[in-house]
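K.L.:
Build me a model from this:
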Amino acid sequence: MKENKPTVLIVDDEQLYCDLLGAILSRSGYEVVTALTGLDGIKLFKQRRPRFTLLDLRLPDIHGIEVLKEIRKVDQQAAVMVLTNWGTDYMEQQARQLGVRDFFSKKITLDTIMASLAGPPVDEVPVAAGGVAGAPGAGDGGASQPAEAAIAAAPASTTGTAEKEKSEQILVVDDEPEILDVVSQFLTQRGYGVRVASGGAEALSLMEKESPSLLILDIYMPGVNGIGVLRELFERKSAVPVILLTGSQDEKLLAESMDLGAVEIIGKPVDLEQLALAVHLGLQIKKQ
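P.N.:
Numbering: from 1, shown residues only. Down below sits the predicted model:
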């Protein structure tokens, strides 16, 4: 008998983000389908009628708000959560008026998303007369349930702890001392153990002595560069997740990086909150 898993639809034009988030959700018992454009997202929603939809606002074809409007034409009660790296108060107001369950920045950790998924079904959320589920003013007191209130109900296998994070060791490799200093301080403040290396050869030597939980690696460095490190790790069949830092727009080089096992590529100057999310998801993949 086929297992009946709740379906999650992710509509986002960032393939890496879809893959990373999809891997975590799949391991947590959800069936995941993804769309890289708004029109494909609408089509998949009509076909699959997902239990939850995670929707980016910034899409290459149509705006996420337009996708949300089309979803509402199909199902007024569908549970939709907006994920975005950018937005305005007006956009959030529009989304909430259309009954989104939550409005998240992509900078949040996965635990918060999982907490929201673990909340009450949409058909249990009170709807005020003339309103839609989750809209401002709907239900008692006019407040929708905050994601934080559902954290206790999140699946145990998906909820991280500060103690676990502190045991994770991250190796940061970059030939720019300023970047090493900023990234290492940022990660240390978040509770991770951090080691640093100023070049590829030094990094490989350190990894022979003690394998880190995750590697943050610059591509362009003198001597053994980031691609050289990736090739060596590929030959060693290393299971260490690698996040690349680069200002390069060389598609061939970036494609080779992904083929060699990089789980994420972050541009320079480094967005530290984007890095924090990538580290969190990379460490989750490590635990698979």
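
K.L.:
List the residue ranges of the stretch 151-288 of the chain that fall below the pLDDT cut-off.
P.N.:
Along the stretch 151-288 of the chain, segments meeting pLDDT under 70 span 151-167, 285-288.

K.L.:
where exactly do the helices run in it?
P.N.:
Ranges of helices in the stretch 151-288 of the chain, per DSSP state H, counting those that start in this stretch, are 162-167, 177-189, 200-209, 226-235, 251-259, 272-286.

K.L.:
Now do the longest one against helix 177-189, angle only.
P.N.:
So that's helix 272-286. 60 degrees (axes from the mean of the first three to the mean of the last three CA atoms, to 10 degrees).

K.L.:
elements contacting helix 272-286?
P.N.:
Using 3 or more CB pairs under 8 Å, 6 or more residues apart in numbering; DSSP states H and E, the elements in contact with helix 272-286 are helix 15-27, helix 110-117, helix 177-189, strand 214-218, strand 242-246, strand 262-267. Bear in mind the C-beta positions are built from the backbone N, C-alpha and C, glycine included.

K.L.:
Pull out the buried residues from the first one.
P.N.:
Yep, that's helix 15-27 we're talking about. By neighbour count on 16 or more other CB atoms under 10 Å, the buried set for helix 15-27 is 16, 17, 18, 19, 20, 21, 22, 23, 24, 25.

K.L.:
Give the rounded mean pLDDT of the following helix or strand past it.
P.N.:
Using DSSP states H and E, the helix or strand that follows helix 15-27 in sequence is strand 31-35. In this model, strand 31-35 carries a mean pLDDT of 94.

K.L.:
in strand 31-35, what counts as buried?
P.N.:
By 16+ other CB under 10 Å, the buried positions in strand 31-35 come out as 31, 32, 33, 34, 35.

K.L.:
same question, stretch 39-47
P.N.:
For stretch 39-47, the neighbour count (16+ other CB under 10 Å) marks 39, 41, 42, 44, 45 as buried.

K.L.:
Who does residue 214 form a beta bridge with?
P.N.:
Listed beta-bridge partners, residue 214: residue 170 (assigned using DSSP bridges).

K.L.:
ok, it to residue 90 distance?
P.N.:
Distance, residue 214 to residue 90, by CB to CB, to the nearest Å: 38 Å.

K.L.:
coming back round to it: can you redo the buried residues of helix 15-27 as a markdown table with distance to residue 281?
P.N.:
Below are the buried residues of helix 15-27 laid out as a markdown table (distance: CB to CB, whole Å):
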| residue | distance to residue 281 |
| --- | --- |
| 16 | 9 |
| 17 | 9 |
| 18 | 11 |
| 19 | 9 |
| 20 | 4 |
| 21 | 7 |
| 22 | 10 |
| 23 | 8 |
| 24 | 7 |
| 25 | 11 |
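
K.L.:
Pass me the low-pLDDT residue ranges in the stretch 1-150 of the chain, would you?
P.N.:
In the stretch 1-150 of the chain (pLDDT under 70), the answer is 1-3, 85-89, 105-150.
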